[in-house]
Structure formats: C-alpha cells, structure tokens
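Q: quick one: sequence plus predicted model below, questions after.
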Amino acid sequence: MADVFAAVSPHHGFSANGYARAPKTPMDFFQVWSTEDQVVPGNGRPTPVDGMIYDSVAETMKAWAEAQGCSRRPIPFPTSYDGRRGWAVVQYPNCATGATVVSASWDGPHFWGAVATKSETATMLDFFENATP
C-alpha cells in the first residue's frame, strides 16, 4: 500500500517465522523492538510465552533493506533519546528507492512502558513528519 502510506512503524512485533516481506516501491520503515521482549522477541527464537517463532530483527531489516535497495550495513541514526533505557536507532543508508529504513531498540518488556513511550512516540512522529511522500 505504498500508494496510500509513506511510512510504516511496527512496534514490538514481527512476522511469523519465514514471512518477513517488504515492498519494492518506496516506503519508509521504522521498526521498534525491545531487547528484553519475551512475548515477541527480536532474536528469532521460540517465545517463552507460547512457543511461537517470529522473524528476527536481522531477518526483518534484511528484507526491508533489500527491497528498498539500501546498504546492508547499518549506521547510527541519532535521536534526542539515545542511551535512555538503552534506546538506540540505526539506519540502513543509501536506499535506491529514496526510502529511510531504521531499526530502534530499547531495554524493556513487550509494552510501551513509561520510559519508552516518550522516546518511541516522539522519534516515530519525527520520522513520520520527514517520511518520503
């Protein structure tokens, strides 16, 4: 739906294992995940909650970087919240489609906790404001 949306931002969720896909048409991507998530972990291992296996952060970002024609080596994507609860954002640069593809992580559980809410929401809204139309 790249003709409808300029950007998407999944938070604390990944595709079921083996289903990571991304459009080849320009679409900015801002993935948020937690390094301590036990409900939908970013490591590609079965969840301790229900045994479900989701695609990993690496698989998801590889799918988006390849589809958008980006470099496979991420670089820092500085935000004003870097370092708070482990908040860190990287960008997969030089996308042939002109899209911006980033992955943001923080140290916390599956939900938008009080500490993460401000950094996630503010960074995501800034990202959307600058999305490629």
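A: Received, thanks. Numbers count the residues shown, from 1 in each chain.
Q: got the contact list for residue 44?
A: Neighbour list for residue 44: 17, 53-56, 58-59 [criterion: Cβ atoms under 8 Å, 6 or more residues apart in numbering]. For glycine as for every other residue, the C-beta is placed from the backbone atoms N, C-alpha and C.
Q: 7 Å instead, please
A: Residue 44 makes contact with 53, 55-56, 59 under the criterion Cβ atoms under 7 Å, 6 or more residues apart in numbering.
Q: can you tell me how far the most centrally placed residue in the chain sits from residue 51?
A: The centroid of the chain falls nearest to residue 31 when counting by Cα atoms, centre = their mean (1.3 Å). Residue 31 is 23 Å from residue 51, where distance means Cβ to Cβ, to the nearest Å.
Q: excluding sequence neighbours, find me the nearest residue to residue 43.
A: residue 56 (5.7 Å; Cβ to Cβ, 6 or more residues apart in numbering).
Q: next, count neighbours for the one you found.
A: 18 (other Cβ atoms under 10 Å).
Q: wait, is residue 103 part of a strand?
A: Yes - the assignment for residue 103 is a strand, going by DSSP: H, G, I helix; E, B strand; the rest coil.
Q: touching, it and residue 61? I think so.
A: Yes - between residue 103 and residue 61 there is a contact under Cβ atoms under 7 Å: 5.2 Å.
Q: overlap in contacts of those two?
A: By Cβ under 7 Å, 6+ apart, the residues touching both residue 103 and residue 61 are residue 31.
Q: quick revisit: please pick the buried ones from the contacts of residue 44.
A: Neighbour-count burial (16 or more other Cβ atoms under 10 Å) applied to the contacts of residue 44 gives 55-56, 59.
Q: any chance of those residues in CSV, with secondary structure too?
A: Converted to CSV, the buried ones among the contacts of residue 44 look like this (three-state DSSP):
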residue, secondary structure
55, coil
56, coil
59, helix
